[in-house]
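In: need a 3D model of the following:
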Amino acid sequence: MGTSYHIVVTTSFSTKTRTQLKKNVERRLKEISQHLSTYIKDSEISRLNQAEAGVWVHVSSDLYRVVTAADSVSTMTDGAFDITIGPAVELWGFGDAKKASQNEPPKEEHILAIKNSVGYQKIEIQEKPPAIKKLDSNLKIDVSAIAKGYGVDEIVLLLQGMEDIHGAMVEIGGEVRVFGDRHDGSEWTVGIQSPLRNRGGLAARVHLQDKSLASSGDYVHFFKHEGRRFSHIIDPDEGVPVETDVVATAVIDSSCMVADAWATAFMVLDVKESLEIADREELGLMIIRREATNDLEVISNNTFKQYRVE
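Out: Reported below is the predicted structural model:
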């Protein structure tokens, strides 16, 4: 998935068993990557992206579940979250080629051209047997805004199915899920990085128990051109990086996959709508936005405040 992972397990395992546990985890992560990663040229999703329009492509349960969950969030946000954004991500240099270092936005005609191949309504999903059909041959699916969370959920399921594991914290690329307790019986405490990276520190800390935390922000992957700042958060409707005063979001939910998707969606939606959706869907939501004075304002809904460590 082009990132790292970190797992802490509360267990009485022997060294030999721990070694086997690590092998099991890495085997499952490799399997998930082979299904979902656009970084791998012969992955399942890469092959799907090369398929012609109108052809049902049978897919694994991994890809089916991720695309189905993404479609649900897309529908609820009227496309503010959209995994068919792949062509725009590549055009702006934030794909697997990492061309953003060129520091130059694409031409307007190129943006308009790729917009015709973006739209979650242009994919159809079949449950039995699991299959996906593209309605546009140029459409490309990019699940990077939800796949890490799915990977976290799957590793948690793997650990929960093993004896002598009493709790764990699983983190992939900054997305986290915990279950059980720490070795001392206390709850897990997770820190949320401050967008002010040059100052260090955390924006907040939360206590989690059998919950997930996912975050998104425009302060990690971006480039500047002629005084303008272009982040990797693409507005699916416009095909360009979103222009917003929202700097970062953090979402708490039982599913890390769901939290991962919503964290990205809330970077695109306006603050009022985001808070309304979070309350309706019973999500914990923290939004950090930039004020006119360049100070940061932190907004949390009541659900998020229940987890926050003051």
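In: rest of the way, CA atoms for contacts and neighbours
Out: Fine.
In: which elements pack onto the one helix or strand R65 maps to?
Out: In the assignment (DSSP states H and E), R65 maps to helix 61-76. With contacts taken as 3 or more CA pairs under 8 Å, 6 or more residues apart in numbering; DSSP states H and E, helix 61-76 sits against helix 15-36, helix 256-268.
In: mind picking out the helix or strand in the chain with the poorest mean pLDDT?
Out: strand 222-225 (a mean of 56; mean pLDDT, DSSP states H and E).
In: where in the stretch 51-200 of the chain is pLDDT low?
Out: For the stretch 51-200 of the chain, applying pLDDT under 70 flags the ranges 95-103, 196-200.
In: ok, the closest residue in space to G180 that isn't next to it in sequence to H6 distance?
Out: Excluding the flanking residues, the one nearest G180 by CA to CA, 6 or more residues apart in numbering is G167, at 3.9 Å. Taking CA to CA, to the nearest Å as the measure, G167 and H6 are separated by 14 Å.
In: swap in S46?
Out: 26 Å.
In: so for these two, which sits in the more crowded spot?
Out: S46 (20 against 11; other CA atoms under 10 Å).
In: ranges for the strands of the stretch 201-310 of the chain?
Out: Secondary structure of the stretch 201-310 of the chain (DSSP state E, counting those that start in this stretch): strands located at 202-208, 212-217, 222-225, 228-231, 234-235, 240-241, 246-253, 284-290, 296-300.
In: turn these into TSV, columns for mean neighbour count and distance to R308.
Out: Putting these into TSV (neighbours: other CA atoms under 10 Å; distance: least, CA to CA, whole Å) gives the following:
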stretch	mean neighbour count	distance to R308
strand 202-208	17	4
strand 212-217	27	12
strand 222-225	16	29
strand 228-231	16	28
strand 234-235	23	29
strand 240-241	22	30
strand 246-253	25	11
strand 284-290	23	10
strand 296-300	16	9
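In: so which of those is nearest I277?
Out: In terms of CA to CA, the element of the strands of the stretch 201-310 of the chain nearest to I277 is strand 284-290, at 9.7 Å.
In: wait, what's in contact with S274?
Out: S274 makes contact with F266 under the criterion CA atoms under 8 Å, 6 or more residues apart in numbering.
In: let's see it at 10 Å
Out: Residues in contact with S274, defined by CA atoms under 10 Å, 6 or more residues apart in numbering, are T77, W262, A263, A265, F266, M267, V268, R280, L285, M286, I287.
In: residue contacts, the most centrally placed residue in the chain?
Out: Centroid-nearest residue in the chain, with CA atoms, centre = their mean: A145, separated by 3.1 Å. By CA under 10 Å, 6+ apart, the contact list for A145 reads 70, 81-83, 216, 233, 257, 260-265.
In: for R177, same thing?
Out: So R177 contacts 7, 149, 152-153, 155-156, 168-171, 188, 190, 208-214, 252-257 (CA under 10 Å, 6+ apart).
In: and it, which of the three is it?
Out: Look at R177: counting by DSSP: H, G, I helix; E, B strand; the rest coil, its state is strand.
In: that one bridge partners, please.
Out: With DSSP bridges as the criterion, R177 is bridged to V170, S212.
In: gap between it and T77?
Out: 24 Å.
In: again, but for S144
Out: Distance of S144 to T77, computed by CA to CA: 18 Å.
In: hang on, the earlier thing: show me what the helix or strand harbouring the residue nearest to G180 is packed up against.
Out: Taking DSSP H and E as the definition, G167 sits inside strand 165-172. Applying 3 or more CA pairs under 10 Å, 6 or more residues apart in numbering; DSSP states H and E, we find strand 165-172 packed against strand 5-11, helix 147-160, strand 175-180, strand 188-193, strand 212-217.
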